[in-house]
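Attaching a predicted model along with its sequence, questions to come.
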Amino acid sequence: MPEQTSTAVQSKQRRKARRKTKPTTFIDAFVDFSFKRLFATDESKPILIGLLNHLFKGKKYITEIEYGKNEFHGEIAEEGGAVFDVYCTDADGSKFIIEIQRGNQEFFKERALFYISRAISEQAPKGNRKEWAYNLTEVYLVAFLEDFNLPDSPKSEYVQDICLANRHTGKIFYDKLSFMFIEMLNFVKGPDDLYTELDKWLYALKHLTEFKQRPEYLSGPEFDRLFTLANYANLTQEERAMYNASLKRKWDNKNVLDYAVKTADQRAREEERAKADEEKKEMAIKLIARGMSIEEITDLTGLTTAEIEALLY
């Protein structure tokens, strides 16, 4: 019977996964294939430039970008490297790392620091460092957090712009490095609340799979290109296979994570019940020592008569 139950559950999960991977009009922006299609190709350069300019709100104005290598090996064979989702440089030499992060990790902040460190250290020339004099270019990490938030981040904010600053005065210590985290869980605006271009971009990316056609309020050349590249019908057969495989991995990973959370919650509840039972038994033992009757102890602790009698021996 348990095997039949397990088989039935697995069958239900497979049916659920098939429903989730059913093609929509537009592809899910937050899977590996889609993210690279929408932000890491020559066709998508205007999309990425527009999005970055809206994010930096005049602090940076980008007119052109060039994609660079997205893999940086360690300096020694045993040292781990870094693989970026999108890595690019603008006309001024500023470096941009654009990432999607679907689930929280134990050392997520450390990972972000490691990524930025790689983009900094790779600027050092192999020789003549004295003449170079550590003249670093700007480095920015832009990370879309899909299913989690940074610890203690305000729920009213969906863009966290973090830089190196003096802890006491708040004055910026170094302005050529920053982390920008876009918390999609906090972005809950509807179509009538999209007052800025950034709002429109985030809304489009978050709800892309829900659109049957491009909404009129998301108009302009950049959105033209976005919806063209995101249209499932415009994918080749090979691209569709890559997208569906990427989407399946996303849902498989989510199912594993959901199951882990559910199991952890169940284990925690069981541990709480076991602890409560032990406390009741400890109380019952003390009440027995005081000469109370089994009926009285049952009323006070909630233990059954059999459980109390077992404590007498």
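Perfect, thanks for sending it. Residues are numbered from 1 along each chain as shown.

show me where the stretch 51-200 of the chain has strands.
With DSSP state E, counting those that start in this stretch as the criterion, the stretch 51-200 of the chain has strands at 65-67, 71-72, 82-83, 86-90, 95-101, 139-145, 159-165, 172-183.

want to throw these into a markdown table with distance to residue 207 and mean pLDDT?
Every C-beta, even on glycine, is put in place using the N, C-alpha and C of the backbone. As requested, the strands of the stretch 51-200 of the chain are exported to a markdown table (distance: least, C-beta to C-beta, whole Å; pLDDT from 0 to 100):
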| stretch | distance to residue 207 | mean pLDDT |
| --- | --- | --- |
| strand 65-67 | 26 | 90 |
| strand 71-72 | 32 | 60 |
| strand 82-83 | 28 | 62 |
| strand 86-90 | 21 | 90 |
| strand 95-101 | 16 | 90 |
| strand 139-145 | 14 | 92 |
| strand 159-165 | 18 | 90 |
| strand 172-183 | 15 | 91 |
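
Output these in CSV; the columns should cover mean neighbour count.
Converted to CSV, those look like this (neighbours: other C-beta atoms under 10 Å):
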stretch, mean neighbour count
strand 65-67, 14
strand 71-72, 14
strand 82-83, 16
strand 86-90, 21
strand 95-101, 21
strand 139-145, 22
strand 159-165, 14
strand 172-183, 17
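
Can you say which of these is nearest to residue 205?
Closest approach to residue 205 among these is made by strand 139-145 (7.8 Å; C-beta to C-beta).

Give me the helices and strands touching that closest one, please.
Applying 3 or more C-beta pairs under 8 Å, 6 or more residues apart in numbering; DSSP states H and E, one finds that strand 139-145 contacts strand 95-101, helix 108-121, strand 172-183.

And those: which comes nearest residue 150?
Of all the helices and strands packed on strand 139-145, strand 172-183 comes closest under C-beta to C-beta, at 5.9 Å.

Name the residues that touch that closest one?
With C-beta atoms under 8 Å, 6 or more residues apart in numbering as the test, strand 172-183 has contacts from 55, 112, 116, 120, 136-145, 149-150, 153, 157-166, 202.

cool, stretch 133-149 as well?
In contact with stretch 133-149 (C-beta under 8 Å, 6+ apart) are residues 30, 52, 55, 60, 92-104, 112, 115-116, 119-120, 123, 155, 176-186, 205, 254.

So what's the gap between it and the chain middle?
Offset of stretch 133-149 from its chain centre (C-alpha atoms, centre = their mean, to the nearest Å): 15 Å.

same check, this time on stretch 117-124
Distance, centroid of stretch 117-124 to centroid of chain: 24 Å (C-alpha atoms, centre = their mean).

can you list the strands of the stretch 51-200 of the chain in CSV and add distance to residue 233?
Supplementary listing: the strands of the stretch 51-200 of the chain in CSV, determined by distance: least, C-beta to C-beta, whole Å:
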stretch, distance to residue 233
strand 65-67, 26
strand 71-72, 32
strand 82-83, 31
strand 86-90, 25
strand 95-101, 24
strand 139-145, 25
strand 159-165, 32
strand 172-183, 28
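
closest one to residue 38 among the ones you listed?
strand 86-90 (9.6 Å).

Against which helices or strands is the closest one packed?
Judged by 3+ C-beta pairs under 8 Å, 6+ apart, the packing partners of strand 86-90 are helix 32-39, strand 65-67, strand 95-101.

Describe which strands it pairs with in its sheet and in which direction.
Strand 86-90 sits in its sheet next to strand 65-67 (antiparallel), strand 95-101 (antiparallel), going by DSSP bridges.

Can you give me the neighbour number for residue 218?
By other C-beta atoms under 10 Å, the residues close to residue 218 number 19.

Surely it is in contact with residue 204?
Yes: the pair residue 218 / residue 204 is scored as a contact, 5.3 Å apart, by C-beta atoms under 8 Å.

who touches both of those two?
Common neighbours of residue 218 and residue 204 (C-beta under 8 Å, 6+ apart) do not exist.

which residues sit in contact with the closest residue to residue 280 other than its chain neighbours?
Distances taken as C-beta to C-beta, 6 or more residues apart in numbering put residue 301 closest to residue 280, at 4.5 Å, once the chain neighbours are dropped. By C-beta under 8 Å, 6+ apart, the residues touching residue 301 are 280-281, 283-284, 287, 308.

switch the cut-off to 7 Å
By C-beta atoms under 7 Å, 6 or more residues apart in numbering, the residues touching residue 301 are 280, 283-284.

Repeat that for residue 44.
So residue 44 contacts 37-38, 229 (C-beta under 7 Å, 6+ apart).

In JSON lines: these, plus neighbour count, pLDDT and distance to residue 25.
Below are the contacts of residue 44 laid out as JSON lines (neighbours: other C-beta atoms under 10 Å; pLDDT from 0 to 100; distance: C-beta to C-beta, whole Å):
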{"residue": "37", "neighbour count": "21", "pLDDT": "92", "distance to residue 25": "15"}
{"residue": "38", "neighbour count": "23", "pLDDT": "93", "distance to residue 25": "15"}
{"residue": "229", "neighbour count": "19", "pLDDT": "94", "distance to residue 25": "13"}
